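Novice: Sequence unavailable; structure follows:
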């Protein structure tokens, strides 16, 4: 196949969205009950609550002229399934995900944890992760890669 | 600097097939997308232009002009077309979201005279998209 796609001055990223549902409770053991309640409000409810999270994963790399792809979606989907969806979907982030034994499962921290888990994707470079907690708030993390937010 | 984004939608069909691969390899690599009769999507294209608003008009560029460029360069070429067979710019390439976005970038970039093309985002579905940016350095090509 033609390799024209590699020429020119264009840089391409592939974006893929995934969905999972999970519960969490925002509570910091470093704070008093009262401070937790004041800081986190409804999110401090001891029984937790849930969200339909949307995870946007952006990867970059050369477009393989033989396939037209930066990464084969089946590979990316399989990796995200294993690293994120299986361990997070229909789970309690506080109880079922070890990273949140010590950290409060805010979506900031969730975003960082998802980036950490996806960073080792072997077939393309992870640029950044955007996690939408509701349609009104979302969080982005690009690791220590300063180029990740250049866009 | 201000970023301005215009969105358009078009519908097109495509299939993924590399003539250098065996039939079995094509099926394995491209899965359902290798169906020889093709299949289609409603594509959503977001085109972002950057620039300073003109003090006289308050505009980075006239949206009417951008609309016309998109109509001519993208809609007339790709809307209700079979991308493999009817879009010469894609000849010899697999019409993946990445490659279509890149072709659209190359079509639009020379036509946008006011402001500067900043980003092309092409959604193939609501969960799959490709972004193109200007490659400011040799960095990205080295990847």
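Specialist: All right, it came through fine. Values in this document were obtained by computation on a predicted structure and should not be read as measured data.
Novice: Check the burial of residue 36 by counting its neighbours.
Specialist: Picked chain A for this. 20 (other C-beta atoms under 10 Å in any protein chain shown). C-beta coordinates here come from the backbone N, C-alpha and C atoms, glycine included.
Novice: Chain B, not that one
Specialist: With neighbours defined by other C-beta under 10 Å, the count for residue B:36 comes to 8.
Novice: now swap in residue B:131 and tell me
Specialist: Here the count is done by other C-beta under 10 Å, and residue B:131 has 23 residues near it.
Novice: now residue A:82
Specialist: 11.
Novice: for it, helix, strand, or coil?
Specialist: Three-state secondary structure (criterion: DSSP: H, G, I helix; E, B strand; the rest coil) places residue A:82 in helix.
Novice: Then the one 5 residues further on?
Specialist: Of the three states, residue A:87 takes helix under three-state DSSP.
Novice: Do a quick rundown of the strands in chain B.
Specialist: Secondary structure of chain B (DSSP state E): strands at B:2-14, B:39-51, B:81-82, B:116-125, B:128-134.
Novice: ranking those by burial, who's on top?
Specialist: Per residue and on average, the most neighbours among the strands of chain B fall to strand B:128-134, with a mean of 22 (mean count of other C-beta atoms under 10 Å in any protein chain shown).
Novice: which residues does residue B:2 contact?
Specialist: Residue B:2 makes contact with B:50-53, B:60, according to C-beta atoms under 8 Å, 6 or more residues apart in numbering or on different chains.
Novice: ok, now how distant is it from chain A?
Specialist: Residue B:2 is 16 Å from chain A, where distance means C-beta to the nearest C-beta, to the nearest Å.
Novice: okay, the strands of chain B in JSON lines with mean pLDDT next?
Specialist: Output for those, formatted as JSON lines (pLDDT from 0 to 100):
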{"stretch": "strand B:2-14", "mean pLDDT": "97"}
{"stretch": "strand B:39-51", "mean pLDDT": "97"}
{"stretch": "strand B:81-82", "mean pLDDT": "98"}
{"stretch": "strand B:116-125", "mean pLDDT": "97"}
{"stretch": "strand B:128-134", "mean pLDDT": "97"}
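Novice: Those into TSV, with extra columns for distance to residue B:107?
Specialist: Output for the strands of chain B, formatted as TSV (distance: least, C-beta to C-beta, whole Å):
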stretch	distance to residue B:107
strand B:2-14	13
strand B:39-51	11
strand B:81-82	14
strand B:116-125	10
strand B:128-134	11
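Novice: shouldn't residue B:75 be in contact with residue B:12?
Specialist: No. With contact defined as C-beta atoms under 8 Å, residue B:75 does not count as touching residue B:12 (10.5 Å).
Novice: What is the most widely separated pair among the contacts of residue B:2?
Specialist: The most widely separated members of these, counting by C-beta to C-beta, are B:50 and B:53 (11.2 Å).
Novice: residues contacting residue 26?
Specialist: Chain wasn't specified; assuming chain A. A:36, A:39-40, A:43-44, A:104-106.
Novice: nope, chain B please
Specialist: B:16-18, B:34.
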